[in-house]
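>>> what shape does this take:
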Amino acid sequence: MDEKHEARLFELADLILAISRHLHAAKADAAESWTPIEAAVMRYIDHRPGATPTQAARATQMISSNFSRALRKLEHKGLVRRVADPGDARRVRLYPTEKAGENLRYLQETWSRLLDEAVPDPADADAVITVLRRIESQLLGGADSGP
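Numbers count the residues shown, from 1 in each chain. Okay, the predicted model is just below:
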């Protein structure tokens, strides 16, 4: 990789982090606040209701103790519920709650409003989403990274 390309990729990562910080700050008025680790867990469960804790921990690349702590906090906040697997009562499935859905709708409205002026063209948004999904998938080693 040449230096110019390396500098571009560094700038891309730096911009992603900066934008992420702005988006995180914009949700400060949400009904429930959460840490970035809790957000990663919640994102996975929102995209894959019924996933097992093992699947979610693997996909979010967390060690089990960190994942378990984040999951307990999300349950305590009323955002996630565990349901016994009907096929195997020893296993549980994770589902977002109604409260989680309300938070997600709030975030959608808040973040969409925030980004509307910056990305008014739907085609631009689609192009950026495509690239970011590819980056996420690649960073996860092709693991199922979700929508």
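>>> mind naming the longest helix for this structure?
Once the chain is assigned using DSSP state H, the helix that runs over the most residues is helix 3-26.
>>> tell me the mean pLDDT for it?
The average pLDDT within helix 3-26 is 90.
>>> I'd like the numbering to begin with 17 instead of 1 from here.
Will do, 17 is the new start, and the previous item becomes helix 19-42.
>>> and the next helix or strand past it?
helix 52-63 (DSSP states H and E).
>>> just checking, what packs against that next one?
Applying 3 or more Cβ pairs under 8 Å, 6 or more residues apart in numbering; DSSP states H and E, we find helix 52-63 packed against helix 69-75, helix 80-92, strand 96-101, strand 104-112, helix 114-132. (Each C-beta comes from the backbone N, C-alpha and C, glycine too.)
>>> looking at those, which is closest to Leu31?
Nearest to Leu31 among these is helix 114-132 (13.7 Å), distances taken as Cβ to Cβ.
>>> past that closest one, which element shows up next along the chain?
Assigned by DSSP H and E, the successor of helix 114-132 is helix 138-155.
>>> distance from the chain centre to that next one, please.
A distance of 14 Å separates the centroid of the chain from that of helix 138-155, by Cα atoms, centre = their mean, to the nearest Å.
>>> in it, what's buried?
Under the neighbour-count criterion of 16 or more other Cβ atoms under 10 Å, helix 138-155 has nothing buried.
>>> Gln109 against Arg98, yeah?
You called it Gln, but residue 109 is Arg. Yes: at 7.2 Å, Arg109 and Arg98 qualify as touching, with contact defined as Cβ atoms under 8 Å.
>>> how about Leu25, nearest residue that isn't a chain neighbour?
With sequence-adjacent residues excluded and distances taken as Cβ to Cβ, 6 or more residues apart in numbering, Leu25 is closest to Met17, at 7.9 Å.
>>> do you know how far that neighbour is from Ala23?
Relative to Ala23, Met17 is positioned 10 Å away (Cβ to Cβ, to the nearest Å).
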